[in-house]
Every structure is written in structure tokens, then in C-alpha cells.
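A.B. asks: Test case, fold it:
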Amino acid sequence: MAAAFTATGVPQVQVLFGLGGVGKTSVAVEYAYRFADSYGIVWQFSAEHPESLDGQIGELAAHLGLLVPPTTDDAAGSLRSHLVNADRPWLLVLDNVVDDAVVHRLVPAAGPGHVVVTSQRATWPGRARVREVPVLDRDVAIKYLLSAADSSDVAASGLLVDALGGLPLALAHAAAFLRVTGRPVQFYLDKLSAMLVRPGRGKAVARTWSAAIGQLGSAGSPAMALLRVLACFAPDAIPVRLLFPDDAPVPEGLSADVADQLAALADDGLAVDDALIALREFSLVGSPVGDGVVSIHRLVQAATLEAMSPEEQSAWRQAATALVVRATPDDPNLPETWPAFTALLRHIEQVVPAEHDCYLRAADHLGAVGNYRAAVAMARRSLEARARRQGPDAPETLAARQSTAQWTGHAGDFEGARDQCADLLPIRERLLGVEHPDTLSTRSVLAFWTARAGSYAAARNQGIDLLSIRERVLGIEHPDTLLTRSNLAGWTGNAGDPAGARDQFADLLPRYQHVLGDEHPVTLITRTHLARWVGEAGDPAGARDRFADVLPIRERVFGAEHPDTLHVRANLARWTGKAGAAAEARDQYAVLLPLFERVLGPEHPATLTNRRNLAHWTGKAGDAHGAREQLVALLPLHQRVLGPEHVSTLHARHNLARWTKNAGDNAGARDQFTDLLPIRERVLGSEHLDTVKTRNGLASCITETERVPGATE
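C.D. replies: Model (predicted):
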């Protein structure tokens, strides 16, 4: 395999195909371990169920500090873009692929990558190199069994190899049975023959695990209990330590029989370890990776479940759900909970019903780490399940509607989020009352996305009304009241009062530090807001220094490419320029822009804003023609993505007029300012700071005798 992989700049795919149990995954993983040092990224995807890939993409995105692009249909686009531009070779292992569309979804068309696919399919389109993983040579397999069983019965070993079809996984389980029990090969062969209802390789393979399972002890043994619950999870990377913490009681609400069996695992701190050792001795689970993280083959899971009645299967799946729910943290917004969510995510998707609160918390975690598209998809699944099972007006369904709206907005659809909240608010007012905390939460989110959609004055007015209610109902230092004050401060600034915004954030910051702590995400966000409005109120050097102070903390807490961290870097660039270092600001934006394009997508509003800022500082650094050309290319994107009267589009139009004038086309700039001014007066108001800037820009383009009324120098 290694020799077949060459450095061509185009991803190379090798497919390992063969029967279930032949060892395809083992070969792929062994390759990954042997050559891991040759790669900058090594990642394994469980690809049997394509619908689970969003969560796995989210895990890798979080690991790399990336986001799935929010405005495209391809949830893996950000990952592919990163792989295309990777500095070092990368390796993806796509395990148990059924549909080759999975490969196209994950693997980019270019980049220094290698891909190993395992599948039972022998025919693959394109340039993939297909290799069959054969069953073991009969003589080799016989020698293996003789050695494992310390036996000289060549004839019985040959018959057992034939019965198991030479499949390495089945032979490994048989060898483990013989090694642990000390039984002769003939005994195992007789036991296997007795269990076979009819001939067939697949049935024989399944019965190898039945034989091993039968040796674990009584049905109530700790090892048997652990095996049964592991059979219900996703097969890969099961975090046993998270699921069975020390001194944790058995979850409530389980059947008496299952509860008794799980209680045996909680008797002492070593019961789970002893059970894992027993399962490992019979090759029923893989070797632990890290702190108690194990995998179990799908065929072992199937054999374990097949040995139980439907009622028993349901009871053990209920237990698996209860264990995952117990292990899932309460607050998905706290960075210290993110490793647990990452470890549990695929198992939440596997065993937790979509209508459960734990499932929606997992969706909110995806949003908290910046994987907005996956968050929207998971929240929608929760919403659909809740509406179907609990009704469209159930409180749980309404909570899922608000979560879906939130992540829709963060994914770049500000107007869609605003409209979803506008539809939700009257329902909550009717069902819960106008002062219920959930109703107030919806009002807060509606005002937030109203502002992001460009209507700052409307959002400010909504925030003023909301703040008075929250102070009366919740108290002045309740986190929700503080959040409303924070939002209102931002909307105050955006509506034209930067000094007011600065003073409000300066008053808020010590309150957040007292209530939440210095490194809580909300505290850090408040520090960035204060820094911004310090600059907007006339102190650019102070703003620059504040952003420089908070950036290393944001990078450590959130990650270097989390969107909020990128926004801090963008603001640092802006205020660096405002403080007098235009060329340095231009260079910082030039470095940032490809990060925004890769992480958020080329048409995300934040990416467009950074393109506009790069053009601005290109001009301020002395290249007016370059700034104008960048804005000419950018303006149609602004108009198409955000709309012709969005405040960001109006900013782009103002900047285009400005740099058109500075590039020497005074008449063209005059016409552009003339067209823009009445729109800004109507949208923002005649006295808004941005409107005044446009009026002054127009005044600077015309003769002294034609000065526009109301313009100032």
C-alpha cells in the first residue's frame, strides 16, 4: 500500500475489499499506525451510515479548528477546502463504505492526500486502486490455531479453518476461546457444528462469537452486562470511562434485570476494568485507545443482540440511552464540556431519541464549536421528532424551533432566523404569557437577528422594552438580563451612539466577570464589544490594545480558527489601521481573508465584510485604484447575498464611492454618493453617523457653491 501511494498533488484512493470479518479495517488501521508520522492529519470515518457523517465531520472540524460552510449544500466543503490547501500530506480512512458518494463527499479533487477505503464492494468507478483482502491461506491459518491452542491436532484445526472460511476475525475469536479456556480444537469444532442451523460462512462466523460469549460466565456477569450495553452503541470509539464513571449509581428507570446486571459493574472501581479485560481476552472488543475508549466489531454487536429476545434488546438499548444521557454535560456552551460532547456525539446520534433534551443539547454543542450547518441539521431532526411525538405547540417543540432559528442565523441566514423567531414569538406569548422566561428568550433572539439583518434601530427599541421586563421579572444581575443589556449596548452603538455603547459595555464587563468569571465565553465576548466601542468612540489605539490583549485568551479557550477568534483578529486588524498603521492592517486582512473563506465560506456575510475591509485598507495604504477594483468586484456579491439595502451593502457602496474619488474619478464618485444618500437617509435616518459620512462625501465632490445643505466639514 505504501509503495502505491505517491505524492502527485491529487488525492489517491486505495480500496480494500473483501468479506465481512476478513480484516479490512485491521489492515487500514495498521497502515495508519505504521505511517502516521508521514501525515499531518490522520482521521478515520465510520462510513456505513452516511447520515452519521455530519457529526463525524463536526468532530474533525472541531479538531482542526474549522467550520462546515454554512451557505452551501455540501456539509464537507470546509473540510475539503482545508485538505486542498494542507501544507502536509493527510490520510483519511473511510471504513465500511457502502455508497461511493461518501468518498466524493469527503475527498477533494486536489490536495496532498491519501485515502484508504474499506468495503465489501469489489467494483469502484474512477481511478481508485482496488485491492482484495483475501481470507488466510489454509496452511497459515492451521498453524495459527495450533499455536494458539497449543495443540497438535492438525486434522481438527483444518476442519475448523474450513468451517470459518479462513476469515481472520473469526479465527481470532476462536483462538481467543481456545487460549482462555484451554479446550482442545475438537471441542470447539464440535460446539460450533452443534450451533450451526444450516451451513454457510456468515452463520459460522457469527457463531464464533456466540461460542466466546457463552464462556463469559453467567448471564448476569459484569462482562456479559458490559458486552450487552456496548452492543447498542455506535461501534467505534466508545468512551467507557465517561459512560461508567467511578462511584456512579445505576441510572433510574431501567428494568429490574438490567439494573441488577449494571449494578455489578458499579460494585467497585475495578469492575469495569475487569469486564473489559474479559472481553478483550475473547477478542470481543478492540484494544483500548486512550483512557478506556474501545471499539467493538459490528458483527460482534449483531451476534450479541441476536442472542437476546426483542424485549431484552429494548431493555439494553434503554440502558445505553440512559448511560449516554447521564454522561452528556448540561451546558454545551462551556469549552470545558466540549471534549465530552465530542466523545459522545456519535453515540448520542445512535441511541438517543431525537426528541430527547440530550439530543438537542448535542445540536447546540455543534453550534457552540462553530459547526453551524451540522447544528442546524441536528436541531431540525429534533424539531421534527418533537413535533411528531409531542405536538407542534409543546414546550419542547418550541424550544427546538428556537434552537433551529438560532443556528440558522449563525449559519449566515440572518433574515431566515429573524423570520423564524417572529413566527415563534406570538405562539409563546399565547401559550406561556408575555413575561414567561421562554417568551422573553424568544424576544431576545428576535431582536438579535433583527439587528444582524440590518435593522439596528428596530432592534434597539425591542431591546429597551425587553430590558425593562427582564429587570423586573428576573433581577438586574440575572444572566439573561445581563445578556439583554449587552445586546442593547451593541444596538445602541450601531444605531449611532458609540460613546453610549462604550459606557454601557464598560459598566457590564465587571458584572460579567463577577457573575461568570474572567474566561467565560460571554465575558470574553463582552471584552471584545468594549474594545470595539472604545475605538468607535474615538480611541483607536485603546481599541487596538484591548483586542491584542484578548486575542491570545480567545485562541486558547476557543481555538485559533473558531469564528469568534477570527472576528477578534479582524477587529485587531481594523483598529491597527485606525491607529495609523494602514499597511499593517492591510497585511493582516490579507492573511485573514483566506481563513474566513475556508472556515465560513466565500459568501458568508463575515467573509464579505473582511473583503470590504481589505479593500478599504488597501486604499488607505496608498493604492486607491486597487481598492476601487476590489470593491467593484465585491459589490454585486453584497447585493445578491445580503440585499441592496442591507447596512453592509450600503457600507460597500459608500466605500466604492470614496475610493472612486480618491482614484481620480470625481464625477463618478459624485454620482455614486448622490444615489446612495437618499437610501441611507431612509434606511438609517438623516442624522445617523453613516448618513452624515455619505453627505460629507458628496459635499467633497461638488463645488463650494453647490454644497449640500446639512453637510459638515
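
A.B. asks: which residue ranges form the strands in this structure?
C.D. replies: Taking DSSP state E as the test, the strands found in the chain are 12-17, 41-46, 90-95, 113-119, 129-132, 238-239, 293-294.

A.B. asks: Would you reformat those as TSV and include mean neighbour count, mean pLDDT and distance to residue 647?
C.D. replies: (Each C-beta comes from the backbone N, C-alpha and C, glycine too.) Below are these laid out as TSV (neighbours: other C-beta atoms under 10 Å; pLDDT from 0 to 100; distance: least, C-beta to C-beta, whole Å):
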stretch	mean neighbour count	mean pLDDT	distance to residue 647
strand 12-17	20	89	46
strand 41-46	20	89	39
strand 90-95	22	92	40
strand 113-119	24	91	41
strand 129-132	14	86	53
strand 238-239	24	92	46
strand 293-294	20	88	48
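
A.B. asks: Can you convert the ones you listed into CSV and add a column each for distance to residue 25?
C.D. replies: Supplementary listing: the strands of the chain in CSV, determined by distance: least, C-beta to C-beta, whole Å:
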stretch, distance to residue 25
strand 12-17, 8
strand 41-46, 9
strand 90-95, 5
strand 113-119, 5
strand 129-132, 14
strand 238-239, 15
strand 293-294, 14
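
A.B. asks: Surely residue 387 is in contact with residue 397?
C.D. replies: Yes - shown here, residue 387 and residue 397 form a contact pair, counting by C-beta atoms under 8 Å, at 5.0 Å.

A.B. asks: So for the two, which residue has more residues nearby?
C.D. replies: It is residue 397, of residue 387 and residue 397, that has more neighbours when counted by other C-beta atoms under 10 Å, with 21 against 18.

A.B. asks: List the contacts of the nearest residue to the more buried one once chain neighbours are set aside.
C.D. replies: With sequence-adjacent residues excluded and distances taken as C-beta to C-beta, 6 or more residues apart in numbering, residue 397 is closest to residue 386, at 4.2 Å. Each residue near residue 386 by C-beta atoms under 8 Å, 6 or more residues apart in numbering is listed here: 354, 355, 394, 396, 397, 400.

A.B. asks: at 6 Å what do you get?
C.D. replies: Contact partners of residue 386, counting by C-beta atoms under 6 Å, 6 or more residues apart in numbering, are 355, 396, 397, 400.

A.B. asks: Got the domain ranges for this structure?
C.D. replies: Taking automatic domain parsing as the domain assignment, the record places the domains of the chain at 12-132, 138-214, 222-327, 597-706.

A.B. asks: okay, these in JSON lines with distance to residue 491 next?
C.D. replies: Listed next are these as JSON lines, based on distance: least, C-beta to C-beta, whole Å:
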{"stretch": "domain 12-132", "distance to residue 491": "23"}
{"stretch": "domain 138-214", "distance to residue 491": "61"}
{"stretch": "domain 222-327", "distance to residue 491": "38"}
{"stretch": "domain 597-706", "distance to residue 491": "12"}
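
A.B. asks: Show me where the stretch 51-200 of the chain has its helices.
C.D. replies: 53-64, 77-84, 101-106, 138-149, 154-163, 168-181, 185-195 (DSSP state H, counting those that start in this stretch).

A.B. asks: If you average pLDDT over each of the domains of the chain, which is lowest?
C.D. replies: By mean pLDDT, the lowest-scoring of the domains of the chain turns out to be domain 138-214, with a mean of 75.

A.B. asks: how far out from the middle of the chain is it?
C.D. replies: Centre-to-centre, domain 138-214 and its host chain are 44 Å apart (C-alpha atoms, centre = their mean, to the nearest Å).

A.B. asks: from now on call the first residue 27
C.D. replies: Happy to do that; since the first residue is 27 now, the last one works out to domain 164-240.

A.B. asks: any residues touching stretch 595-607, and which ones?
C.D. replies: 561, 566-567, 569-570, 573-574, 610-611, 614-615, 618, 636, 643.

A.B. asks: Now do it: distance to the chain's middle.
C.D. replies: On C-alpha atoms, centre = their mean, the centre of stretch 595-607 falls 30 Å from the chain's centre.

A.B. asks: what comes up buried for that stretch?
C.D. replies: Neighbour counts over stretch 595-607 (16 or more other C-beta atoms under 10 Å) mark 595, 596, 597, 598, 599, 600, 601, 602, 603, 604, 605, 607 as buried.

A.B. asks: Thanks again, I'm all set now.
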